[in-house]
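# generate coordinates for the sequence data below:
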Amino acid sequence: MEKGATRPGAVVDHWDGMDAPALRAFLRTAAKLWLAHDGLWFQAVEKRHGMDAAMDADRDAWYRFSPAEARRIMEHLGIEPGGGLHALEEALRYRLYSHLNEQEAQWLAPGHLVFRMKTCRVQAARERRGLPDFPCQRVGIVEYARFAETIDPRIRARCIHCPPDPRTDKAVCAWEFTLKEEK
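Down below sits the predicted model:
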């Protein structure tokens, strides 16, 4: 085998030679590509089957993707299941969105976490094109609830506002997370 060649089927780690800033930059690029694919997939379904079918398919996809993303983040960070709202706050920092959108988490009281997406790449692109906000609330409800309950089944998610709702607190969307009381 030639020097530098790999055997068929071998996994090669091309990232070993990259420094931290280069890896972060590529991670941001990868997140952009992921989001672009999500949007193109949605548009293809919408074109063939209409907006309602595209929204239903998107909701179904997020129903499965959100727990997968949460589990992978938990594995990578060593977050144990059942870690409550502090574990959720940590995991939210590592979602793919975190590389593209400005977000914040705020504790209103013990057991009461509010998460805000202050900027959203999808909504900003629509705004630049003169389009109304994408009405993502019915997908977001599934996305955030499934992500949170994967971190800890006691966590409950509630939409404070999300398009098509108007922006009320200088954030594109806001979500409230509480820990269900044990009886």
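
# residues touching Thr178, list them.
85, 111-113, 155-156, 158 (Cβ atoms under 8 Å, 6 or more residues apart in numbering). Quick note: C-beta positions are derived from backbone N, CA and C, even for glycine.

# narrow those to those in strands?
112-113, 155-156, 158 (DSSP state E).

# from those, which single one is nearest Glu46?
Nearest to Glu46 out of those is Arg158 (Cβ to Cβ; 27.7 Å).

# picking that back up, just the buried members of the contacts of Thr178?
Buried members of the contacts of Thr178, scored by 16 or more other Cβ atoms under 10 Å, are 85, 113, 155.

# export those to a markdown table and append columns for pLDDT and distance to Lys170.
A markdown table is the format used below for these (pLDDT from 0 to 100; distance: Cβ to Cβ, whole Å):
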| residue | pLDDT | distance to Lys170 |
| --- | --- | --- |
| Leu85 | 97 | 23 |
| Leu113 | 98 | 18 |
| Ile155 | 98 | 25 |
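
# tell me the one of these nearest Met74?
Once Cβ to Cβ is applied, the member of those that ends up nearest Met74 is Ile155, at 13.1 Å.

# can you tell me how far that closest one is from Ala91?
Distance, Ile155 to Ala91, using Cβ to Cβ, to the nearest Å: 11 Å.

# helices or strands up against the longest helix anywhere in the chain?
Ranked by residue count and defined by DSSP state H, the top helix of the chain is helix 20-49. If contacts are counted by 3 or more Cβ pairs under 8 Å, 6 or more residues apart in numbering; DSSP states H and E, helix 20-49 sits against helix 51-77, helix 121-128.

# which of those helices has the lowest mean pLDDT?
Per-stretch mean pLDDT for the helices and strands packed on helix 20-49 is lowest at helix 121-128 (a mean of 92).

# which elements pack onto whatever helix or strand Arg146 lives in?
Element membership for Arg146, per DSSP states H and E: helix 137-151. Counting by 3+ Cβ pairs under 8 Å, 6+ apart, the packing neighbours recorded for helix 137-151 are helix 51-77, helix 84-92, strand 155-161, strand 173-179.

# same list, these, but as a markdown table with distance to Trp34 please.
Below are the helices and strands packed on helix 137-151 laid out as a markdown table (distance: least, Cβ to Cβ, whole Å):
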| stretch | distance to Trp34 |
| --- | --- |
| helix 51-77 | 10 |
| helix 84-92 | 17 |
| strand 155-161 | 22 |
| strand 173-179 | 19 |
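
# only C-alpha atoms, please: export the helix holding Arg146 in PDB.
Output in PDB follows, covering the C-alpha atoms of helix 137-151 (Å, rounded to 0.1, in the frame of the first residue of the first chain):
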ATOM      1  CA  GLN A 137     -44.100  26.900  16.300                       C
ATOM      2  CA  ARG A 138     -45.800  23.500  15.700                       C
ATOM      3  CA  VAL A 139     -42.500  22.000  14.800                       C
ATOM      4  CA  GLY A 140     -40.700  23.700  17.700                       C
ATOM      5  CA  ILE A 141     -43.100  22.400  20.300                       C
ATOM      6  CA  VAL A 142     -42.200  18.800  19.300                       C
ATOM      7  CA  GLU A 143     -38.500  19.700  18.900                       C
ATOM      8  CA  TYR A 144     -38.000  21.300  22.300                       C
ATOM      9  CA  ALA A 145     -40.200  18.900  24.200                       C
ATOM     10  CA  ARG A 146     -38.500  15.800  22.800                       C
ATOM     11  CA  PHE A 147     -35.000  17.300  23.400                       C
ATOM     12  CA  ALA A 148     -35.800  18.200  27.000                       C
ATOM     13  CA  GLU A 149     -37.600  14.900  27.900                       C
ATOM     14  CA  THR A 150     -34.600  13.000  26.600                       C
ATOM     15  CA  ILE A 151     -32.400  14.800  29.000                       C
END
